[in-house]
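Undergrad: need coordinates for the below:
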Amino acid sequence: MNTGAPVIPAYSWREPDNTHVLRFEEPLPLIECDDVGEAIRRNTRAYNAALERMLLRHPEQWIWMHRRWKVPARAGKQ
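TA: You can find the predicted model right below:
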């Protein structure tokens, strides 16, 4: 938001013949609001929606290298 740089979703996948495809999507338009916090929330939702669309095209090739969705430990469990 500070730079105005476009966010261009891109992803790659491996084909059955072991070649790789790199695909770029259309830039995501910046959502601007008077409330900066709301603008951040709306843009984050748009970025996550783009990520979800990419993931759903080739879910068998997806892996997270970190804990993106952290779940708090339940009481009494360690």
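
Undergrad: please make it C-alpha for all contacts and neighbour counts, starting now.
TA: Will do.

Undergrad: Trp64 in helix, strand or coil?
TA: When classified by DSSP: H, G, I helix; E, B strand; the rest coil, Trp64 comes out as coil.

Undergrad: ranges for the strands of this protein?
TA: Secondary structure of the chain (DSSP state E): strands at 10-14, 20-24.

Undergrad: deepest-packed of these, please.
TA: Greatest average neighbour count among the strands of the chain goes to strand 10-14 (a mean of 14), per mean count of other CA atoms under 10 Å.

Undergrad: that strand: how far from the chain's middle?
TA: Centroid separation between strand 10-14 and its chain, computed with CA atoms, centre = their mean, to the nearest Å, is 13 Å.

Undergrad: re the thing from before, can I get the strands of the chain in CSV with mean pLDDT and distance to Asp35?
TA: Below are the strands of the chain laid out as CSV (pLDDT from 0 to 100; distance: least, CA to CA, whole Å):
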stretch, mean pLDDT, distance to Asp35
strand 10-14, 94, 29
strand 20-24, 96, 30
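
Undergrad: so which of those strands is nearest Asp34?
TA: Nearest of those to Asp34, taken as CA to CA: strand 10-14 at 29.1 Å.

Undergrad: would you put the C-alpha positions of that closest one in CSV?
TA: C-alpha atoms of strand 10-14 as CSV (Å, rounded to 0.1, in the frame of the first residue of the first chain):
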residue,chain,number,x,y,z
ALA,A,10,2.1,-16.2,-9.7
TYR,A,11,2.5,-19.9,-9.2
SER,A,12,4.2,-22.9,-10.7
TRP,A,13,3.4,-26.6,-10.9
ARG,A,14,5.0,-29.8,-12.2
